[in-house]
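*Asks:* Dropping a prediction and its sequence here:
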Amino acid sequence: MYKIITPVVTVFDKNEKPDFEANKKVIDFLVEGGVDGILVLGSTGEFTGLSKKEKYDFFRFYAEYTNQRVELYAGTGSTNFKETVELSNEIYSMGYVAPMVIGPYYYGLDQEKLFVFYDTLAKSLSGDLYVYNFPARTGHSIAPDTMNRLLEENKNIVGLKDSVTEPNHTNLVCRAAKGHPFLSYSGFDDQFLYNISSGGNGCIGGLSNIVPEIWSDLVAAANKNDFERTIRLENLIHQLMPLYDLDSNFSLLFKKLMIKRGVDISPQAIFPFNQMDEGIYKKAEELMDLVIAQYREFKIG
């Protein structure tokens, strides 16, 4: 069964702290839009400025408010290894499927150090673990052979979010993981079809914050083997991909577009990504409106 998991935006107040009431509106929008799961405090969630206690409180809030309406995954990665371990172990009892941990960023890592990092992490956890591979943010990419070694040594490493510009990397990881209970998700929306044709399980795509209904319709079509509908809906997702390149950090833009869609939240983003040229937003708004109009026409037709 293929899935769409939303790496959810975080709504902040003017002090850049999570606004719990506003985040409830985001959750309801995504649940009503039909997404299968939510990744809390991933890269789209602007987690870097939050303390360990703030992350813990936010994870607990999410679990309590969603109340098992969707699957939950936790972005617990940090440059502090001890914090990553502690937060990861705490989310299991809250009802999360697993932590999704990005590799250490800033310092360079070779494949042996990546192996040691995830191997030690997996052996320090009381539940399952997803590897989050995002070379554009970490400066390193986990090799298929390294993933195979990790799977051979750790039965609790059960999945991967692969945010890579070359989708063949995901294909090679899926080949390397053969024989292990392993779920692979593309980290970029336009790689959904490549992912599932490589033996993967779907996408953890940021555009589902904005158009969850298109994404859930797409996944439903793929699960029904409705090839024609799948292709047409995937084309709409591809049309939206330029949104990622309009601003250096797309979280502010996505929140502004969600407001346009009727989600009553603040667009506040973390400094210095808390401002945007109005022309950029207008271009994004026009693109989103065009795609949504096409989708509505497609549904009626």
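*Replies:* Looks like it arrived, so ask away.
*Asks:* Check what pLDDT residue 106 gets.
*Replies:* On the pLDDT scale, residue 106 is placed at 85.
*Asks:* Is it in contact with residue 78, as I believe?
*Replies:* No - here residue 106 lies out of contact with residue 78, judged by Cβ atoms under 8 Å, at a distance of 11.5 Å. From N, CA and C alone the C-beta is placed, and that goes for glycine too.
*Asks:* which of the two has more neighbours?
*Replies:* Neighbour comparison, residue 106 and residue 78: the larger count goes to residue 78, with 22 against 7 (by other Cβ atoms under 10 Å).
*Asks:* surely residue 265 meets residue 28?
*Replies:* No - judged on Cβ under 8 Å, residue 265 makes no contact with residue 28 at a distance of 11.1 Å.
*Asks:* Counting neighbours, go ahead and name the busier of these two.
*Replies:* Neighbour count, other Cβ under 10 Å: between residue 265 and residue 28, residue 265 has more, with 20 against 14.
*Asks:* name the element that one belongs to?
*Replies:* Under DSSP states H and E, no helix or strand contains residue 265.
*Asks:* ok, it to residue 172 distance?
*Replies:* 39 Å (Cβ to Cβ, to the nearest Å).
*Asks:* Kindly report the same for residue 208.
*Replies:* 26 Å.
*Asks:* More neighbours: which of those two?
*Replies:* residue 208 (29 against 16).
*Asks:* what's the model's confidence in stretch 13-31, averaged?
*Replies:* 97.
*Asks:* Run through who's touching it.
*Replies:* Contacts with stretch 13-31, where a contact means Cβ atoms under 8 Å, 6 or more residues apart in numbering, come from 6, 8-12, 38, 49-50, 54, 57-58, 61-62, 65-66, 69-70, 208-209, 212, 258, 261, 263-266, 268, 270-271.
*Asks:* One more pass at 6 Å, please.
*Replies:* Residues outside stretch 13-31 that contact it (Cβ atoms under 6 Å, 6 or more residues apart in numbering): 6, 10-11, 49, 58, 61, 65-66, 69-70, 212, 263-265, 270.
*Asks:* which one of the residues you listed has the most neighbours?
*Replies:* In terms of neighbour count, residue 6 stands highest of the contacts of stretch 13-31 at 32 neighbours, by other Cβ under 10 Å.
*Asks:* quick one on the thing from earlier: mind listing which of the contacts of stretch 13-31 are in strands?
*Replies:* Using DSSP state E, the members of the contacts of stretch 13-31 that fall within strands are residue 6.
*Asks:* Among the contacts of stretch 13-31, pick out the one closest to residue 113, please.
*Replies:* Nearest to residue 113 among the contacts of stretch 13-31 is residue 49, at 26.4 Å by Cβ to Cβ.
*Asks:* Mind pulling up the pLDDT for the nearest residue to that closest one once chain neighbours are set aside?
*Replies:* Distances taken as Cβ to Cβ, 6 or more residues apart in numbering put residue 270 closest to residue 49, at 5.3 Å, once the chain neighbours are dropped. What the model reports as pLDDT for residue 270 is 92.
*Asks:* can you tell me how far residue 18 sits from residue 30?
*Replies:* Taken as Cβ to Cβ, the span from residue 18 to residue 30 is 16 Å.
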